[in-house]
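>>> I would like to see how this sequence folds:
(4 chains)
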Number of protein chains: 4
Amino acid sequence: MEEIRVGMVGYKFMGKAHSHAYHDIPLFFPEVPRLVKQVLCGRDIKDVTRAQKQFGWNEIETDWRKLVEREDVDLLDVSAPSNVHKEIVLAAAANKKHIFCEKPLALSLKDSKEMLDSVTKAGITHMVGFNYRFAPAVKLAKSLIESGRLGKIYHFRGLFLQDWIVDPAFPLVWRLQKEIAGSGSHGDLGAHVIDMARYLVGEFSEVIGMSTTFIKKRPIAEGMIGLSGKCSNSGQYGEVTVDDATAFLAKFANGAIGTFEATRFAPGHRCTNFFEINGSLGSVRFDFERMNELEVYFISDAADVQGFRRVLATDAAHAYSGHWWPAGHTIGYEHTMVHEIVELLEAIGEGRQPIPNFYDGVKCQEVLEAVEISVAERQWVKIEHEENQE
Amino acid sequence: MEEIRVGMVGYKFMGKAHSHAYHDIPLFFPEVPRLVKQVLCGRDIKDVTRAQKQFGWNEIETDWRKLVEREDVDLLDVSAPSNVHKEIVLAAAANKKHIFCEKPLALSLKDSKEMLDSVTKAGITHMVGFNYRFAPAVKLAKSLIESGRLGKIYHFRGLFLQDWIVDPAFPLVWRLQKEIAGSGSHGDLGAHVIDMARYLVGEFSEVIGMSTTFIKKRPIAEGMIGLSGKCSNSGQYGEVTVDDATAFLAKFANGAIGTFEATRFAPGHRCTNFFEINGSLGSVRFDFERMNELEVYFISDAADVQGFRRVLATDAAHAYSGHWWPAGHTIGYEHTMVHEIVELLEAIGEGRQPIPNFYDGVKCQEVLEAVEISVAERQWVKIEHEENQE
Amino acid sequence: MEEIRVGMVGYKFMGKAHSHAYHDIPLFFPEVPRLVKQVLCGRDIKDVTRAQKQFGWNEIETDWRKLVEREDVDLLDVSAPSNVHKEIVLAAAANKKHIFCEKPLALSLKDSKEMLDSVTKAGITHMVGFNYRFAPAVKLAKSLIESGRLGKIYHFRGLFLQDWIVDPAFPLVWRLQKEIAGSGSHGDLGAHVIDMARYLVGEFSEVIGMSTTFIKKRPIAEGMIGLSGKCSNSGQYGEVTVDDATAFLAKFANGAIGTFEATRFAPGHRCTNFFEINGSLGSVRFDFERMNELEVYFISDAADVQGFRRVLATDAAHAYSGHWWPAGHTIGYEHTMVHEIVELLEAIGEGRQPIPNFYDGVKCQEVLEAVEISVAERQWVKIEHEENQE
Amino acid sequence: MEEIRVGMVGYKFMGKAHSHAYHDIPLFFPEVPRLVKQVLCGRDIKDVTRAQKQFGWNEIETDWRKLVEREDVDLLDVSAPSNVHKEIVLAAAANKKHIFCEKPLALSLKDSKEMLDSVTKAGITHMVGFNYRFAPAVKLAKSLIESGRLGKIYHFRGLFLQDWIVDPAFPLVWRLQKEIAGSGSHGDLGAHVIDMARYLVGEFSEVIGMSTTFIKKRPIAEGMIGLSGKCSNSGQYGEVTVDDATAFLAKFANGAIGTFEATRFAPGHRCTNFFEINGSLGSVRFDFERMNELEVYFISDAADVQGFRRVLATDAAHAYSGHWWPAGHTIGYEHTMVHEIVELLEAIGEGRQPIPNFYDGVKCQEVLEAVEISVAERQWVKIEHEENQE
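Sure, this is the predicted structure:
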């Protein structure tokens, strides 16, 4: 394959972040397969044309059905809202396109399994957008765990805290409507924490959770721009049909235990995607608001100088650092996307599946749904662990 | 009452901390009722005599039954292990002594209720040792919440993390034996977090938890000195019968939700008694390892300078600060005990019950036990909320 | 002007960072004048060709003398080593090209003044690369000071700490040779701190400094790749002819005082470009290793909640944030370059001089040189303050 | 000597802190020589009687001349204002009393040398109150340096920042009057930083400084209570005759260089007594506002986990920790005084001089005065280093 031609559905927050990644990869990762920003797809021709020009795509489409059939597209990037993921993925798989789908894979476990089946049968490359795995500091945590330097893992403690809907006057945007968003903070934020736990600790065995909606009615919105954009207010109120916050307890297959919390009602936290892991030989701690740092503790340190180290993951010893800047020069949010798509391109080039792929999307959905069932049924819910498939 | 004569059972960690508080109160709080370190009580006459001399007590007893009957004792301080609390308290109440009992009040909810009944009927002053309430930074959190400056409370996130038994070679000390300690990290550490949540957020309505014991067998110990003391090892192994870690979810009567975790398996955490509270108008955050600080966030701050403030609670505006040192000069762990006993002495002087008293001890025990039941029965357990008694 | 065609000399660290900025500006700042990466210039045809392809430049040159005369170049970017800045700038000015020159402007105050004269006479747009001004957190500090929210400024405390040459076996790279680099940590790092102080506090009135070279001889290097790259070692030693560390005291024209330190011998500091400013109404604090944050303190905060706030400068209220990601999603080092060049392009579009321009380069050089004289003569050195020119 | 009977002049801030230390030492350090709080001395009989009762002293004197002659006093504690130190010390030495004198030893180098001579000739034990040396975290820094674990020392960076006189309406208290206080922030705060540098790095070789007084006139005060106490205002203004801020550069005898700054005009800093030390093998960092912590960095850490460790100096491996509480339970400001006096009592018991003693007081005064001369004469001032005496 000479070069990989991308067709992308969606051009808002994720579409912008992915466009940037496609745009920058050749500069910083010249060794991965060449890609072309071939077709950008969106329903509103005016908006998509403006986005095409700004982000540098060659052509546009306004119907994703046409996009998935185009000969000049090798890789389909699904950055559209979650409720249309499944339909697009199935069609793309049918057309033998490689697929990069944003998280959450689907609105239900059943749908996500169907999607995994379809891409598996089609024999294409598939990836799901759990971008936080690709922060160098997270890669360092992974490396410490995999190499055994933290020992046996005992605890996972994960949080995703935001505060953008604390104001009761904030309107009823689509993310607060179950029919479009599927769930609230649980699926939007909790999904990332669950994936991080699977990545770093391993598979879940059972969960029990609680959910709550603090503000039950909100002004009906007429439009929304961006994640934190303010909307014009129609004067009428509608019901919030998703969770404002969800927390759950988890047991892992390897004996570790975990606590999880996702909320949009934590004033002062713009984007605290946090985890701490305690093992028999040490601990690590990460906060996305300081995404270049990993705090690391080893019990083997000399008795008088034991303490968490603040490691700035920009040294030569850290993942990806050689591609960017000298030590001490930090990178930002968007770079996680760059690394993620580098993994995808390398996988396509090497004829293997990237990590994380749709299997990880399904496993995450499995936990999300188990938590939802546990909330509804007020009891622990087991998660089947298919030993072979991993 | 001219002066309050104290009789104390126990002279180890808590006995030392309480002795110090009695010793220092006259210097820093000369306005509270005078107290006398009258009688120190312990079973080993040699040890208790040594402690008497070191800590400056007038006399000793080796049998607490005699102590509780002494005419020259007004206030009984129960700093003995938890499994003897009940018996001593009932006898002290029968003798109309005021009682200061360390937490947890008892090994069961039933016992703690019986203790509350006995002190209530005896008409004496009673206090339970939840000392962390008395850090000035915690008092600041309380003041911000009570005055409405954090708005409606949505979230409580509480942790008590330690790491002193991570080593599997650490012996089977009494704190790891259910018959003496009652429970492990749950009762020892979790009790403090539960009390903090009740103090700052309010009553619990239901809970569900999970417990685990990571190291199931340990070398049998022949002795132990202090919390982190190493013991000589007999070469034989015994079973750990308490939890190494317990986590639980909680719903509060006022609609807030909470997550709780107590563990002794968190390397790098010597004594992380942490909480964060999110309300509709702001957030607060506390970590006992930096006990002079409270992090505070207000949504009403100007849009360009919003962020958590690190408040050093040593200013004139903070509780107790006038009694100690100029602003910026921090205090330590032991000072929480001083403040706690100042509250007790003031309450005795004013003829009122101190806060927290045995009622708070019972309410804490209620939550501890509900969590234990939820673990055993694998389901949510409700906590009755007696509106009137509060 | 339809579009601005750039010709750049240099393709190493700075060349890469500038290339990226030119590459990304159209995606994130579509409203600024269009630019074209027209010609990349370097002496080694093989290397420059490789860089051209990687960074996406249209053409190459191997002689900057030809570059400055090309008709298809509107803006000349001087990212070559400092010792050739002057010659290129004078030639570019003679050819009426706009100029973007990396700091330090020149190796001497005299040269930098000559450069300022030449660009002024040529009537072209000129900018100097003090990129740290363009971190949103620094812009916030500027805004707080300019609007008077910090009151009268009393103190500036500036540090630039690195640790990449602590190892005595690190070779004698060009940055350690006076004839090429001009000076050591003083000109390389201290220049940034001096510019920051001028930007935020104002003009200097006098200085006195000290310099030292801790490791006086180093292995002679045969080549070097990047800032922290290791070199092959010839087995011979040569003399380090620049300062390893320089510190100085300063008085500002407005009565404030400042302390400055630049060193490459501070283990643990990869790139600590730090400042703190204290004014009569508040303080601010910045550390480039956490470049998205500004710590802010106001004396007007309520008495019980006074403390430094950690402001994450990614909110809608912060400079540039609307161009990037939602609140809480941080940016990295390279973004300072993007913002810097956006200022340059806007200035060209609006027919004004950008800030900082060559005048700022000269003023910085003036302070650098005054410090060097003060070190040599062991006495305070005054800095003339030309009231009119500002 | 059976027990050491103390006579103390002064009962305000320092008198209170010392009283507490004498009071608590027997509880926590039972192994050091016994002491008796024998006589408290102050001019105002009413105030000193109140203090005597509160702090538990056996008797009082209102004239220090009588105190120094009393047979029942073995150790004289000079906690009176600096301008009377000399007279009292000379008299106490003449009466062969051991002496514990608060810093600064005197108002001039000449006086301090005279004091050192007198105690040396009298053959008594003498100590000066540089209490910050006795924080366990500082002891850890000392131990790391002495054992060579930081390698050769390159940099000392010391600050003492306060903010209690930022308000121009704050009155002209005695600390702002040269005839009583000797100097302003330089002698009050800078003295501590200079002593810390001598303790950890070694002797100074030369210095140059600058001083400024930001607020030159203040309301005349009629009284003052405590460090930050507000005074009634007479409506009249008087001149501030001391420095508000002093900064200086220093070279050490061992080749290290240092920067120093002391100010009372740093909003947000209640008591930031900070230092950082960089050596060839690592770095340490201390901030008194978090006095239980030392940040430590080693260049020998594995390449992927290099970073400053936050060491909580409460472990068994840390100085004094066995005397206090379990790991993770912090201590406060006052404990530095306890440790300091423990050193004094042990020295008396062992018939040796404690560290720091009057020699250290003189050496500190030498640096303070050299800085003052350098400010007045605008040039570097050398400090003679008497090799033999150390």
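>>> so how far is chain C from whichever residue of the stretch 101-250 of chain A sits closest to chain B?
Using C-beta to the nearest C-beta, A:Tyr154 is the residue of the stretch 101-250 of chain A that sits closest to chain B, at 4.7 Å. For every residue, glycine as well, the C-beta is placed using N, CA and C. According to C-beta to the nearest C-beta, to the nearest Å, A:Tyr154 and chain C sit 29 Å apart.
>>> verify the contact between that residue and A:Glu276 for me.
No. Between A:Tyr154 and A:Glu276 there is no contact under C-beta atoms under 8 Å: 11.1 Å.
>>> these two - which one has more neighbours?
A:Tyr154 (28 against 24; other C-beta atoms under 10 Å in any protein chain shown).
>>> now do the contacts for the more buried one.
Residues in contact with A:Tyr154 (C-beta atoms under 8 Å, 6 or more residues apart in numbering or on different chains) are A:Gly255, A:Ala256, A:Ile257, A:Asn278, A:Gly279, A:Ser280, B:Phe214, B:Ala245, B:Thr263, B:Phe265, B:Ala266.
>>> am I right that the second one is in contact with A:Ile153?
Yes. A:Ala256 sits in contact with A:Ile153 when judged by C-beta under 8 Å, with a separation of 4.7 Å.
>>> shared neighbours of those two, anything?
A:Val201, A:Gly202.
>>> may I have the strands that pair with the lowest-mean-pLDDT helix or strand in chain A, each with its orientation?
One helix or strand of chain A scores below all others by mean pLDDT, DSSP states H and E: strand A:233-239, with a mean of 82. Applying DSSP bridges, strand A:233-239 is found paired with strand A:217-221 (antiparallel).
>>> tell me the buried residues in the partner strand?
By 16 or more other C-beta atoms under 10 Å in any protein chain shown, the buried positions in strand A:217-221 come out as A:Arg218, A:Pro219, A:Ala221.
>>> looking at those residues, which one is closest to B:Gly328?
Taking C-beta to C-beta as the measure, A:Arg218 is the one of those closest to B:Gly328, at 44.7 Å.
>>> quick one: contacts for the closest one?
Contacts for A:Arg218 (C-beta under 8 Å, 6+ apart) come out as A:Pro168, A:Ala169, A:Phe170, A:Pro171, A:Leu172, A:Leu176, A:Tyr237, A:Gly238, A:Val240.
>>> repeat the analysis, applying 10 Å as the threshold.
By C-beta atoms under 10 Å, 6 or more residues apart in numbering or on different chains, A:Arg218 lies in contact with A:165, A:167-173, A:176, A:233, A:237-240.
>>> quick one: A:Gln54 is in a helix?
Yes. A:Gln54: assigned to a helix according to DSSP: H, G, I helix; E, B strand; the rest coil.
>>> per-residue confidence for it?
You'll see A:Gln54 listed with a pLDDT of 96.
>>> cool, A:Lys86 as well?
A:Lys86 is assigned 97 on the pLDDT scale.
>>> burial count for it?
21.
>>> would you check that A:Arg65 makes contact with A:Glu87?
Yes. In terms of C-beta atoms under 10 Å, A:Arg65 counts as a neighbour of A:Glu87; the distance is 9.1 Å.
>>> CA atoms of stretch A:312-320 as PDB?
Provided in PDB are the C-alpha atoms of stretch A:312-320 (Å, rounded to 0.1, in the frame of the first residue of the first chain):
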ATOM      1  CA  LEU A 312       8.100  14.500  33.700                       C
ATOM      2  CA  ALA A 313       7.600  12.000  30.900                       C
ATOM      3  CA  THR A 314       9.500  14.000  28.400                       C
ATOM      4  CA  ASP A 315      12.900  12.300  28.700                       C
ATOM      5  CA  ALA A 316      14.600  10.200  26.100                       C
ATOM      6  CA  ALA A 317      13.600   7.200  28.100                       C
ATOM      7  CA  HIS A 318       9.900   7.900  27.600                       C
ATOM      8  CA  ALA A 319       7.600   6.800  24.900                       C
ATOM      9  CA  TYR A 320       7.300   9.100  21.800                       C
END
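>>> so for that stretch, what's the average pLDDT?
For stretch A:312-320, mean pLDDT is 97.
>>> how about the top helix by length along chain A, does it reach chain B?
Identified as the longest helix of chain A according to DSSP state H is helix A:358-377. Yes. Contact of helix A:358-377 with chain B (C-beta under 10 Å from any C-beta of the partner chain) involves A:Ser374, A:Glu377.
>>> and that helix, what's buried?
Residues A:358-375 are the ones in helix A:358-377 that count as buried (16+ other C-beta under 10 Å).
>>> helices along the stretch 151-300 of chain A, start to end?
With DSSP state H, counting those that start in this stretch as the criterion, the stretch 151-300 of chain A has helices at A:178-181, A:185, A:191-200.
>>> a markdown table for these, including mean pLDDT and distance to chain C?
Shown next, in a markdown table, are these (pLDDT from 0 to 100; distance: least, C-beta to the nearest C-beta, whole Å):
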| stretch | mean pLDDT | distance to chain C |
| --- | --- | --- |
| helix A:178-181 | 89 | 16 |
| helix A:185 | 97 | 14 |
| helix A:191-200 | 98 | 13 |
